[in-house]
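Colleague: Any chance you could fold what I've pasted below:
(chains A and B)
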Amino acid sequence: MHMRKSTERRDLFAGALELMILHSLRVRPMHGYALVKHIKLVSDDLLQVEEGSLYPALQRMLREGLLDSKEGISAKGRPTRIYRLTKAGIKYLENEMSSFEKMFMGISRVLAVAKT
Amino acid sequence: MNWLRQIFSRRRRYDDLSVSIQEHLEGKVEDLMDEGMSREEAERAARREFGNVTRIEERSREVWQSPTLESIWADVRYTSRQIQKSPGFAVTVILTLALGIGANTAIFQVLDAVRLRTLPVRAPNQLARVSIIDVNGGRRGRFTWQNGDVTSNIWNELNTRQKAFSQIAAWSPSRFNLDRSGEVHYANGLMISGGFFDVLGTKPLLGRLITPADDYRGCGTQVAVISYSFWHRHFGANENTLGSKLFLSGHLLQVIGITPANFYGVEVGQNFDVAVPLCSEPAFAGQWSSTDNPLTWWLAVIGRLKPDWTLNQASVQLRSISSGIFSSTLPEILDPESKKLYRGFHLGASPCAYGISDLREEFDEPLFLLLSLSGLVLLLACANIANLMLARASARQRETALRISLGASRFGVARQFLVESLLFSILGAISGLILAQGLSRILVASFDTERSQIFVDLSLDWRVIAFTGFLTASTCILAGLLPAIRMAYTKRSPTELMSGQRQSTRHGRFLMGRGLVTLQVALSLALLIVALLFVRTFQNLLSLNLGFQQDHVLVANIDISPLRVPVENRVTYKQELLKSIQNIPGVVSAASVGIVPLSGMGWNNFVSIPGTNAPQHLANFDPIGIGYFPTMETPMLGGRDFGQNDTPTSPRVAIVNQEFARTLYAKLNPIGKTFRVAAGGGQESRLYQIVGVVANTKYAGLREDPTPIVFLAETQDTDPGEGFTFVVRSNESFLTLLPEVKQAITTTSPEAILNFSVLKTTIREGLLREGVMARLSSFFGMLAAVLAMIGLYGLISFMVIRRRKEIGIRIALGARKMVVVALIMHEIIVPLTIGLALGASLALVIGVVARSMLYGLGSNDPATFVSSILGIIGVAFLAGAQPARRAARVLPMEVLREE
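Modeller: Now for the predicted structure:
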């Protein structure tokens, strides 16, 4: 479990982290650490969220009104903040998802051609 | 306003963030411990994987911050801490700026009030002044004030024939005596035609204003409107003022209304107390009435353009009716040539949105000049501050280098310096703006004379605020940009800067400092020269030979009209009154006079030598009593003074001045010669014989060249009138003399109306402009010299520190003290020389503008230039003396030990 330098990864997919956060929170409102664990679990450890970059990203989305936060209790019974999607967040996610899918499709087609 | 809410909810956001991160770490640690780690290991691993908590928290917080604003705020806090650390520096800078900005704002404020503001009335841009556009000195007759544009007859014709104005009105300023007897107390009056307030669109504060219905021929003295300030001063703002009686110059009038507080009439620089209808003028003026006199130019005309009329169209219409107006009002008594001129006059309209103002005409040029002088002082102050900031910036060099090497952007560093100078500028500007409120009022008060109080509305308006803002921005840039660029964009690498190689960088700053000092020398020399030019102008005018001794002379005006003395008794009455004054102990002599010299009054007419074809000459006249010349101490050059034997029945005699004799008779002896005075003023042409010649005296103005003057004997007049003027010479102080003179007059004539003035004061008041220029420019000159001295002192001190090692070695090798001092002084010679050359050129340029205001010397007066240059050199050496002495006392051992 080795962290790599955050900048290297983020460059790969602009907006990928946001997309994953939004999608995960749509399924279920969560607190920060739970979010990290969730992404790791769901992606079968293929994807690791850089823990540090999670928080600036969360704050950005809070500022943009895609998320809101409320006080809550963690699984271990400690006070924390639970993040969940707003309506604007849902709409944004849906837009992003469709454009992301298109992009992904485009990339896989190009890659498929290059192979043959 | 979303961002505003965000700023306020930020604190909670930050707390949320901390809680979340805390829980994240705790959760992780617990999970890791579940995997079998010890608590210690788990904590370390958790932190390692999370990354730098502080950094991440900071980055998350940044999301909520506006980066520029936040860092500027940080700069502001940093600067405030710096100021608290060295308050002396901050106070010096802020005070310098406050003085500079304050002086500029004050002058601008006055300029704004007298020149840039429109009248505080409805739609001032529709107002126009109607006057004769092609007078060219062609008007003959009596002029009651500078803006007396037309006569009553012309006004009446104009009023009925004009088509361009929806409303038109005529007015004239006037003075009313508020007291029934004793010493006069004047109220400033306006005589206005019925439409005046309608033209201006003024609404009454209380009661009603004068309307056309109040202004009818033969109305006598019935109604008066008073101003807001007079209502407060004279009536204590009493509600019952309306309908009460007001005593004005012997008449009782009813107060019918009060004008609003901001209304002062049409003349900028003057306020009015009382307005009465034009038709009341004959009742007030009596036999001297201007109404119906075809040759008394006493009215100004103002009109409001009809909505669809332009100024040009109005002028065209006025031009077309001019010939009719001037033909029908042609005064019969004019000579043929003057009649031809009179018929050829044309009326025209000029804009009047800014009102009319003698003050503006007199002080426009001086104010602009003063503004540019104070601007130069501010520039000088900025150079000084830039130098100080530069010095401080060098002291902070290591810190700056550290910041840059830690990744601060160069712009960020420069911004911090600019924020610092901006903070100083703003604090300086605020103090300056406050200071200016006092300064501008002092400046306006210095325009006051005993006869007229200047009233100017000095309230702040957007122009003043904008001007101060502009000054603030300029000073900020001028003072802060240089250090900012120097420190932030230096080519030296941070390591180089931090390794303490200060020697070389100091040299760079030294060059820049030298440039600034050159500028300071130049500016201060220019300011000093201009100041000296004005001071010497003022001195030249003060020490002028007036032809009489102005000290210790009291002028007493006595109006005996309330006593109703019959014409045949007036001569004796006047003699008795004069005798009672002459008998006062301490009075050296006293005499009667018609026109007090330099009082602003005058009377002229044409004279010629009878029986020849020699051209006519214009001469000034003054009727005087016996003993006038000894009282004024005017030297008698030949012949005799007037005496008791010169009576109404004896041959008419005159005493003339030297200039008169020279003009009419060249080198011939004028005594015994006769000359003719042309007809005028209701008198026929008369012959006079010259019995005496006196020295040239000033008549109308201090700057005038000698003019021909004829003195006539009062004793040859049958009716001395009801107004007497006496000049009283006494060696006692006026404070003790005045009550005695009053006493002497009131014992015989308790009802007489008295007005006193001191001759010297009246003459000094004629030098108001010159005095203001001399005082203010020398203030600026002195300020400039001090600022330059501080600048030079800083530069030289700094240089001494820089060359300490070298000096130490030189002394160790046996250099004498004088050599060391010369070494130091040598360094300032270049900036000093260049600065002096620049300054002298600048002064020549300013001199061109100032030339018309100077007297008795040219704008390039060599003596002034040389003494100013010597003065600045003196200042430079004074500034250099102390640091040079310090240099000479450098101990070689100490310097070498520092290595």
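Colleague: Where does the prediction get shaky in the stretch 1-150 of chain B?
Modeller: Residues of the stretch 1-150 of chain B that meet the criterion pLDDT under 70 lie in B:1-8, B:67, B:136-137.
Colleague: Nearest to chain A: which residue in it?
Modeller: Chain A sits closest to B:G51 of the stretch 1-150 of chain B, with a gap of 3.4 Å, by CB to the nearest CB. Using the backbone N, CA and C atoms, a C-beta is placed for each residue, glycine as well.
Colleague: Apart from its chain neighbours, what residue comes closest to that residue?
Modeller: Closest residue to B:G51 apart from its sequence neighbours, by CB to CB, 6 or more residues apart in numbering or on different chains: A:G52 at 3.4 Å.
Colleague: as a whole number, average confidence for the host helix or strand of the one you found?
Modeller: A:G52 belongs to helix A:51-63 when assigned by DSSP states H and E. Per-region confidence: helix A:51-63 scores 82 on mean pLDDT.
Colleague: from the middle of its chain, how far away would it be?
Modeller: 10 Å (CA atoms, centre = their mean, to the nearest Å).
Colleague: check contacts around B:V821.
Modeller: If you count contacts by CB atoms under 8 Å, 6 or more residues apart in numbering or on different chains, B:V821 has them with B:884-885, B:887-888.
Colleague: ok, back up a step: measure how buried the residue of the stretch 1-150 of chain B closest to chain A is and give me the count.
Modeller: Number of residues near B:G51 (other CB atoms under 10 Å in any protein chain shown) recorded here: 18.
Colleague: So it sits against A:L54, correct?
Modeller: No: at 10.2 Å, B:G51 does not count as touching A:L54 under the criterion of CB atoms under 8 Å.
Colleague: any idea where the helices of chain A begin and end?
Modeller: Here chain A has its helices, by DSSP state H, at A:6-10, A:16-27, A:32-42, A:51-63, A:87-115.
Colleague: Nearest to B:L844 among those helices would be which one?
Modeller: Among the helices of chain A, helix A:51-63 comes nearest to B:L844, with 63.1 Å by CB to CB.
Colleague: Just name the most buried of the helices of chain A.
Modeller: helix A:51-63 (a mean of 21; mean count of other CB atoms under 10 Å in any protein chain shown).
Colleague: what does it rub up against?
Modeller: Contacts to helix A:51-63, defined as CB under 8 Å, 6+ apart, come from residues A:3, A:6, A:10, A:17-18, A:21-22, A:32, A:35-36, A:67-69, A:83, A:89, B:6, B:13, B:17, B:20-21, B:24, B:28, B:49-52, B:55-57, B:59-64.
Colleague: Am I right that B:L738 is in contact with B:F756?
Modeller: Yes: taking CB under 8 Å as the definition, B:L738 is a contact partner of B:F756 at 6.2 Å.
Colleague: hey, what's in contact with both of these two?
Modeller: Joint contacts of B:L738 and B:F756 (CB under 8 Å, 6+ apart) are B:L554.
Colleague: quick one: B:L458 is in a helix?
Modeller: No: according to DSSP: H, G, I helix; E, B strand; the rest coil, the state of B:L458 is coil, so it is not within a helix.
Colleague: in which helix or strand would I find B:E770?
Modeller: Judged by DSSP H and E, B:E770 forms part of helix B:768-802.
Colleague: can you pull up the bridge partners for the closest residue in space to B:Q270 that isn't next to it in sequence?
Modeller: Closest residue to B:Q270 apart from its sequence neighbours, by CB to CB, 6+ apart: B:F455 at 6.0 Å. B:F455 has the following beta-bridge partners by DSSP bridges: B:G269.
Colleague: list the contacts for B:F455?
Modeller: B:264, B:269-271.
Colleague: Over to B:A381?
Modeller: B:A381 is in contact with B:96-97, B:99-100, B:475, B:787, counting by CB under 8 Å, 6+ apart.
Colleague: try 10 Å
Modeller: If you count contacts by CB atoms under 10 Å, 6 or more residues apart in numbering or on different chains, B:A381 has them with B:93, B:95-101, B:103, B:428, B:475, B:478-479, B:520, B:523, B:783-784, B:787, B:790.
Colleague: Next step: those restricted to helices.
Modeller: Counted as lying in helices by DSSP H, out of those, are B:93, B:95-101, B:103, B:428, B:475, B:478-479, B:520, B:523, B:783-784, B:787, B:790.
Colleague: And these, which of them are buried?
Modeller: Buried residues within these, defined by neighbour count using 16 or more other CB atoms under 10 Å in any protein chain shown: B:93, B:95-101, B:103, B:428, B:475, B:478-479, B:520, B:523, B:783-784, B:787, B:790.
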